[in-house]
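Enquirer: Sequence first, then the predicted structure, then my questions.
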Amino acid sequence: MRQQPFIESDLLFYFPEHWVVKEYDNHRFYKNLSGLGLKGLDFLVLNPEGGGHLYLMEVKNYRTRVRAGGIYEAPLKSAEELAATVVSKYEHTLRAIRAVHLYYQRKWWYRLLNRLIQNSRYAQYDPVFWTRAYEFIRQPAKHTLLLWLETESEDQAYEEKLQQHLQISMGLQVKVKVASQEHPYPPGVTVQT
């Protein structure tokens, strides 16, 4: 099976080819909305299998890396601070998805073709993708906040504390997963350093 590659935080992500992946912070909608102070998660990933699922994905790489001949070390934030950052980006991303949906709702052609767009299999096209993303964020079982976390060494206590802070901050309305190369989620996604 072919896979599509994306680079984020010096990590090379491979997603299944039939998934639709938007590098949100490089997308034209984000560039327009970021000027309003909205922050965004790194990827919006739509898995079309089984009725579909949306992964709202943030990548944090705290491993020591070599860049342009220099050593780059990002200090690991406390679990509480990292959770607050991720939750803020998640909430801003939800607002942005709602704003994009409203943008499309104001287009005459979108209103005319709405039923076709909602039922389309071509989620790689922006109107279809954003419509589907909007529908999925309205259903907690249809979307997951995914934090991809890379650290120098595996620290189960830190990950549990981080998971706890994320759950407390977000309530129980959405699934939150912490993934890494050692504990990947969702299935089908692979990473190389």
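Expert: The structure has been received and is ready for your questions.

Enquirer: where in this protein is pLDDT low?
Expert: Low-confidence segments of the chain (pLDDT under 70): 1-2, 30-31, 33-35, 172-174.

Enquirer: Spell out the residue ranges of the helices in it.
Expert: Ranges of helices within the chain are 28-34, 79-105, 108-119, 126-137, 156-170, based on DSSP state H.

Enquirer: So which of these is the most surrounded?
Expert: Across the helices of the chain, averaging neighbours per residue (mean count of other Cβ atoms under 10 Å) puts helix 126-137 on top, at a mean of 20. In this view, the C-beta of every residue, glycine as well, is placed from N, C-alpha and C.

Enquirer: Just list what that one packs against, helices and strands only.
Expert: Under the contact criterion of 3 or more Cβ pairs under 8 Å, 6 or more residues apart in numbering; DSSP states H and E, helix 126-137 touches strand 43-47, strand 53-61, helix 79-105, helix 108-119.

Enquirer: Same list (these) but as a markdown table, adding distance to Tyr185.
Expert: Output for the helices and strands packed on helix 126-137, formatted as a markdown table (distance: least, Cβ to Cβ, whole Å):
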| stretch | distance to Tyr185 |
| --- | --- |
| strand 43-47 | 12 |
| strand 53-61 | 9 |
| helix 79-105 | 15 |
| helix 108-119 | 28 |
